[in-house]
Every structure is written in structure tokens, then in C-alpha cells.
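> can't give you the sequence, but here's the structure:
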């Protein structure tokens with residue numbers, strides 16, 4: 001099978017959508033398929049293109065067996081709502097020609113567009129129809145909803161126009177997938193045909209991310225001992241993550257619980273502001289984006305992990321870091337409304353508090369910090385969930401099978417189970433949502 005993927009994010013970026021685009025393509029190549037990628041130079045989460053990529057536009061390189069072509073894009077240093085629109089529009093324009101050339105000369109069997117960026121997706125479905133390829137849109141987050149619900153864009157007329165455009169793009173694809181059941185429900189509400197919707201959850205390599213000793217080089221660097229409790233946030237640092245609630249909780253606990261330390265590891269446009277908020281507070285520590293080979297050790301450093309979230313972001317995205325947290329056998333405290341996809345995933349393997357409530361976050365942090373047995377229990381449950389629901393080999397193999405399967409089913413398929421009920425009577429490797 002020949003697969004052409006068009007997506008704005010790809011390796012060597014280490015986190016976010018780039019990780020899953022890269023691992024999908026590498027896994028398909030490992031299974032004997034031919035894969036080509038049209039993408040942008042790396043820029044995320046720092047929103048800055050490394051100097052060595054500044055002159056690599058429209059040049060093709062092979063990365064782990066995948067033929068990768070990079071196109072020029074506009075990358076704003078401070079990404080506001082309007083600048084993000086220009087950013088995505090620049091990729092839609094620059095990726096069109098190489099996507100068309102590859103489609104006409106190579107004749108792929110499947111053309112995949114990944115959102116973000118939705119702007120480039122319309123051309124992918126258009127070209128796929130012209131060359132007889134199946135078209136597939138994979139949605140990592142709902143860009144339009146997030147932009148307006150989080151206040152990045154505010155114009156009401158623009159929102160209506162963008163939602164109409166989004167609906168037309170969604171309906172133009174043969175298959176549309178997303179990463180959680182609540183996001184699947186939103187797809188149906190947006191008008192995607194029931195038999196076109198596919199759940200493909202994000203995955204984790206459960207062999208690379210595994211339980212390990214909490215006494216790591218990171219604790220050694222910070223001079224932390226066995227009795228110190230570490231609450232860790234790892235990932236992108238932007239305003240939509242709600243990291244200000246972590247800062248409020250950390251500052252609130254500094255005097256009463258000095259043994260609880262907060263580590264924020266990663267990068268992003270909001271990191272400088274967060275470092276300024278943390279100035280003078282000895283219980284808050286920052287690390288940069290860590291290399292892939294150190295990621296497991298970073299996760300193991302934590303006694304528990306934090307996933308802050310604003311209420312406006314509920315079910316717009318399921319944080320991809322959750323699978324890695326579970327695989328590391330550490331509990332999590334997540335901000336989520338009851339009944340949302342994130343809350344459903346976490347219950348039984350961590351604690352859930354209302355989004356935006358830093359006081360409730362403080363209470364949960366104190367509860368877990370004082371209960372080592374509960375932390376161990378939640379960690380064990382998380383590891384089981386990672387093996388059952390988030391394993392990379394199982395999910396990617398199922399995605400590949402669906403892509404090459406021409407049979408149409410009566411309902412949506414799921415790649416990777418979403419709840420314990422989904423795999424009743426099925427072995428792990430066969431645990432998929434069936435019609």
C-alpha cells in the first residue's frame with residue numbers, strides 16, 4: 001500500500017502531533033508499506049524554526065524509511081489567533097504543489113490529512129478524488145472550536161464561516177477519525193456520516209515507557225530525596241493548557257507543604273510568563289524539552305502527574321500525554337468536568353478535579369502526597385490501561401488494517417478500546433470497537 005500523509009508537524013519535533021505522525025509512518029514502513037510525507041520544518045513547541053532547517057524547503061530526505069518533503073511556512077514568534085490563521089494558511093498554500101506532484105506521479109492508495117492543520121485538508125481530499133485514492137482526515141483537536149472557545153478568535157461572523165468551511169471539509173473525506181469517543185460524538189454532531197467515523201486513539205510505546213525508580217537524575221539535580229514529593233507537568237506551555245492553575249496551587253502550598261515540589265518540563269510561548277510567576281518560589285522548578293531517550297526517566301521522577309485544563313477545552317482534545325503517564329505506572333490529577341472523555345479515562349487511575357479550580361487541585365495534591373498506597377494502586381491501574389488500550393503496535397496495526405480494508409460497515413469502527421466494556425470477550429490484540 002502507498003500512503004501519502006500531509007501534516008504540518010513531523011519529526012524531529014518530539015511532542016504533540018509530530019510524535020504520532022512520525023510513529024504512524026514509521027510503523028507503516030516497518031510493516032512493508034511505502035510512505036511519503038509532506039510537512040513543514042520543525043517549529044513546535046518553541047514556535048521557532050531551527051537554523052539548520054531554514055534552507056531545506058522543498059528538499060526531500062528519508063527519515064527511518066519515510067520519504068519526507070518539507071515546505072516553507074510562516075511561524076509567528078508570539079502566536080495570536082490571527083497569526084495562527086496565517087501560519088496554517090501558509091502551510092496550506094506551500095504544501096499544495098508537492099502534494100499534487102506526489103499524487104499525480106506516485107499514485108498513492110491512501111491520502112491522509114492531519115488536523116491540525118485543517119486548512120490544508122481540503123486540497124488533500126480534492127486531489128485524492130482526482131487520482132482515485134482513498135482520503136482520510138485524522139483530527140487531533142478541533143481547531144475551530146478551540147480557537148473560539150479559548151478566546152483566541154472572537155468574531156462571530158468569522159466563526160460561522162469557519163464552521164461551515166469545516167463541515168464541508170469533513171464531509172469531503174472517505175473516512176474521518178479522531179482520538180476519543182467524546183470527540184467522535186462531536187464529529188457526528190458536525191455532520192460526519194456515521195459509517196465514515198473512526199476512532200483512532202493516540203498510543204504509547206509500552207516497551208519504551210515503563211515503570212522505573214523515582215530516584216532519577218532529575219531528583220539528583222534538584223537535590224531531592226526519598227521524602228520529597230514531586231508533582232510533574234510535562235508538555236507544551238501555552239495559555240490553553242491552564243498552567244496558571246498549577247502555579248496557583250504550587251504557590252499556595254509552598255509554606256504549608258514544603259516537601260511537595262512542582263516540576264514543569266517542556267517549552268512553549270507561555271514559558272517565560274510562567275517562569276516570571278514562579279520567581280522567588282523555591283518549590284517550583286523548570287526543565288526544558290527533554291530528549292526522547294530521557295523521557296521515561298523524566299516520567300518516573302514524578303510521584304504523580306498533573307494535567308491542568310480550562311473548562312472551555314473539555315472534549316476538544318484528549319491530552320496525548322495521558323497514555324505515557326499511565327504507561328509509567330504513575331497516577332495523575334486531571335482537571336476535567338464529570339462525564340468528559342478525560343475524566344472517564346482518569347477515574348480509577350488518578351483523581352479528577354473541576355477545571356479552573358486551583359483550590360480543588362491543592363486538595364487533590366495533598367491527598368495523593370500523603371497516601372503512598374493509593375499512589376501505588378492508581379499507578380498499577382494506569383499501567384494496565386496503557387497495555388490494554390494505548391499500545392502502539394496494536395493501534396497502528398488496526399489503523400493499517402482499516403485503511404486497506406475496502407469493506408463498509410454499518411457503524412463506526414474504533415482502533416483501540418475506549419473503555420473496559422469495549423473489550424469484553426476479546427483478547428487485547430482484537431479489542432476494537434465493532435459495529
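Now that the structure is in, tell me what you want to look at. What you are looking at is a predicted structure, and each value in this text was computed from that prediction instead of being measured.

> what does stretch 375-386 contact?
Residues outside stretch 375-386 that contact it (Cβ atoms under 8 Å, 6 or more residues apart in numbering) are 204, 206, 209, 211, 303-304, 323, 325-332, 345, 348-350, 368. (C-beta placed from N, C-alpha, C; glycine too.)

> buried ones in that stretch?
375, 378-379, 381-383, 385-386 (16 or more other Cβ atoms under 10 Å).

> out of these, flag the one nearest to residue 68.
Proximity of those to residue 68, judged by Cβ to Cβ, is greatest for residue 386, which lies at 28.9 Å.

> helix/strand/coil for residue 198?
For residue 198, the assignment made with DSSP: H, G, I helix; E, B strand; the rest coil gives strand.

> any idea how far it lies from residue 395?
Per Cβ to Cβ, to the nearest Å, residue 198 is found 12 Å from residue 395.

> repeat that for residue 95.
According to Cβ to Cβ, residue 95 stands 26 Å off from residue 395.

> ok, now residue 404?
Look at residue 404 and residue 395: by Cβ to Cβ, they are 16 Å apart.

> residue 356 too?
32 Å.

> go on, residue 279?
Distance, residue 279 to residue 395, using Cβ to Cβ: 42 Å.

> ok, the two, which is more surrounded?
Higher neighbour count among residue 279 and residue 395: residue 395, with 26 against 7, using other Cβ atoms under 10 Å.

> tell me, what's the model's pLDDT at the residue nearest the centre of the chain?
Residue closest to the average C-alpha location in the chain (Cα atoms, centre = their mean): residue 320, at 3.6 Å. If you check residue 320, the pLDDT there is 78.

> give the contact list for it.
Residue 320 makes contact with 16, 19-20, 140, 179, 202, according to Cβ under 8 Å, 6+ apart.

> what sits up against stretch 302-309?
Contacts of stretch 302-309 (Cβ under 8 Å, 6+ apart): 214, 229-234, 241-243, 245-246, 263, 299, 319, 321-322, 325, 328, 330-336, 342, 346, 350, 355, 361, 365, 368-369, 375, 378.

> show me which of the contacts of stretch 375-386 are buried.
With burial judged by 16+ other Cβ under 10 Å, the buried subset of those is 204, 206, 209, 211, 303-304, 323, 325-332, 345, 349-350, 368.

> what's the first helix or strand after the lengthiest helix in the chain?
Using DSSP state H to define each element, the chain has its longest helix at helix 81-106. Next in sequence after helix 81-106, counting helices and strands by DSSP states H and E, comes strand 110-115.

> in its sheet, what does that next one sit against?
Counting by DSSP bridges, the strands paired with strand 110-115 are strand 2-6 (parallel), strand 134-139 (parallel).

> give me the helices and strands touching the following helix or strand past the longest one, please.
What that stands for is strand 134-139. Per DSSP H and E, the first helix or strand lying C-terminal to strand 134-139 is helix 143-149. On a contact count with 3 or more Cβ pairs under 8 Å, 6 or more residues apart in numbering; DSSP states H and E, helix 143-149 meets helix 81-106, helix 156-171.

> buried ones in the last one?
If I follow you right, that is helix 156-171. For helix 156-171, the neighbour count (16+ other Cβ under 10 Å) marks 159, 162, 166, 169-170 as buried.

> now do the longest one
Neighbour counts using 16+ other Cβ under 10 Å place 83-85, 87-88, 90-96, 98-100, 102-103 of helix 81-106 among the buried residues.

> model confidence for residue 374, exactly?
98.

> host element of it?
Assigned by DSSP H and E, residue 374 falls within helix 372-389.

> tell me how many other residues crowd the nearest residue to residue 218 once chain neighbours are set aside.
If the residues on either side of it in the chain are set aside, residue 218 comes closest to residue 301, at 4.4 Å by Cβ to Cβ, 6 or more residues apart in numbering. Other residues lying near residue 301 total 28 when counted by other Cβ under 10 Å.

> show residues contacting stretch 202-214.
The contact list for stretch 202-214 (Cβ under 8 Å, 6+ apart) reads 20, 23, 140, 179, 230, 295-297, 299-303, 318, 320, 323-324, 326-329, 379, 383, 386-387, 390-392, 394-396, 416.
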